[in-house]
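K.L.:
sequence and predicted model, in that order:
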Amino acid sequence: MKHEFTGKPLESAFDMMLEGNLREAAEKFEEKHKEQPENIHIMLELGNVYYMMGEMNKAVENYEKALKLKPGSPYILYRKGVSLYHATQFSDAAEVFNTIIGSGKYLPMSYLWLGLSYYHLGKEEKSIAAYKKLIESGNETVMANYYMGIALKASGNYKDAIGYFEKLLNTSDKHVSALYHLARTYMKDQKYDKAKEYLKQVISLDSENKNAEFMLDFLINA
């Protein structure tokens, strides 16, 4: 049976969500879900609103309900995978993103979330492979270069990590996080003069960055 997302109660709940009244929107959607338990649109919006509220387990629960009505939907699986990642269920998240990619009907950003999930599982090589796929697709290469650098640094491949951070900084020389991780990579590679150079840049852009300030003081006084 097909359900449409229409009617003033549902439109009102959607407006509440857009206006940031998330708790009220969730309550309204829950109320309508009891009346229309097979309405996939309500399940999806419940998942979305709980995601925005940071209640990831409830978000996943509603996406799973929606998947029972529309099995294999790449969009619903994607939302479920992102929610699982934010719930720190990294193994389950990786499984979902692998399923999406295996279907051939996926958003390229699925590779980013797959890489992030593997990174948190300590599987740097699989993380790096996922980021490479995203870069090859030509989508969101700024984020892919950034996280690729972090994964390469974690795997001890400092030379390649530096290359990815520098590639990113060629497009945005004020990317504070990239500058910070570049400095950290140079520190790990025992190239302390280069590390100090980039730590100074971090502090000039973010005077409240206490980690960069501490490390710079340590290098200067070492």
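P.N.:
Cool, the structure landed. Numbers count the residues shown, from 1 in each chain.
K.L.:
just give the nearest non-adjacent residue to W113, would you?
P.N.:
Nearest-residue entry for W113: F97, 5.3 Å, with adjacent residues in sequence omitted and distances by CB to CB, 6 or more residues apart in numbering. All C-beta atoms are positioned from the backbone trio N, CA, C, and that covers glycine.
K.L.:
contacting residues for that neighbour?
P.N.:
Contacts here follow CB atoms under 8 Å, 6 or more residues apart in numbering; on that basis F97 touches 78, 81, 110-111, 113-114, 117.
K.L.:
between those, which is closest to S204?
P.N.:
Nearest to S204 out of these is W113 (CB to CB; 32.8 Å).
K.L.:
related to what we said a few turns ago, for S117, see how far away the residue nearest to W113 is.
P.N.:
Distance, F97 to S117, by CB to CB, to the nearest Å: 7 Å.
K.L.:
quick test: name the residue nearest the centre of the chain.
P.N.:
Central residue of the chain (CA atoms, centre = their mean): W113, 5.6 Å from the mean position.
K.L.:
and that residue, how far from Y106?
P.N.:
W113 sits 10 Å away from Y106 when distances are taken as CB to CB.
K.L.:
in what helix or strand does Y63 lie?
P.N.:
Per DSSP states H and E, Y63 falls inside helix 56-69.
K.L.:
apologies, that question was intended for E31.
P.N.:
Per DSSP H and E: helix 22-35 holds E31.
K.L.:
what's that helix in contact with?
P.N.:
Residues beyond helix 22-35 that count as contacts (CB under 8 Å, 6+ apart) turn out to be 9-10, 12-14, 16-17, 39, 42-43, 45-46, 49-50, 52-53.
K.L.:
between it and helix 56-69, how many degrees?
P.N.:
Angle, helix 22-35 to helix 56-69, by axes from the mean of the first three to the mean of the last three CA atoms, to 10 degrees: 30 degrees.
K.L.:
let me know the average pLDDT across helix 22-35.
P.N.:
For helix 22-35, the mean pLDDT works out to 88.
K.L.:
can you mark which positions in it are buried?
P.N.:
Applying a neighbour-count criterion of 16 or more other CB atoms under 10 Å, the buried positions in helix 22-35 are 22, 25-26, 28-30, 32-33.
K.L.:
alpha carbons only: can I get that helix in PDB?
P.N.:
Extracted in PDB, the C-alpha atoms of helix 22-35 (Å, rounded to 0.1, in the frame of the first residue of the first chain):
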ATOM      1  CA  LEU A  22      13.100  18.400  17.300                       C
ATOM      2  CA  ARG A  23      11.600  17.000  20.400                       C
ATOM      3  CA  GLU A  24       8.100  18.300  19.500                       C
ATOM      4  CA  ALA A  25       8.600  17.000  15.900                       C
ATOM      5  CA  ALA A  26       9.600  13.500  17.200                       C
ATOM      6  CA  GLU A  27       6.500  13.400  19.500                       C
ATOM      7  CA  LYS A  28       4.200  14.400  16.600                       C
ATOM      8  CA  PHE A  29       5.800  11.800  14.200                       C
ATOM      9  CA  GLU A  30       5.500   9.100  16.900                       C
ATOM     10  CA  GLU A  31       1.900   9.900  17.400                       C
ATOM     11  CA  LYS A  32       1.200   9.600  13.600                       C
ATOM     12  CA  HIS A  33       3.300   6.500  13.400                       C
ATOM     13  CA  LYS A  34       0.900   4.800  15.900                       C
ATOM     14  CA  GLU A  35      -2.000   5.700  13.600                       C
END
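K.L.:
that one: what's the following helix or strand?
P.N.:
Scanning the chain past helix 22-35 towards its C-terminal end, the next helix or strand to appear is helix 40-53 (assignment: DSSP H and E).
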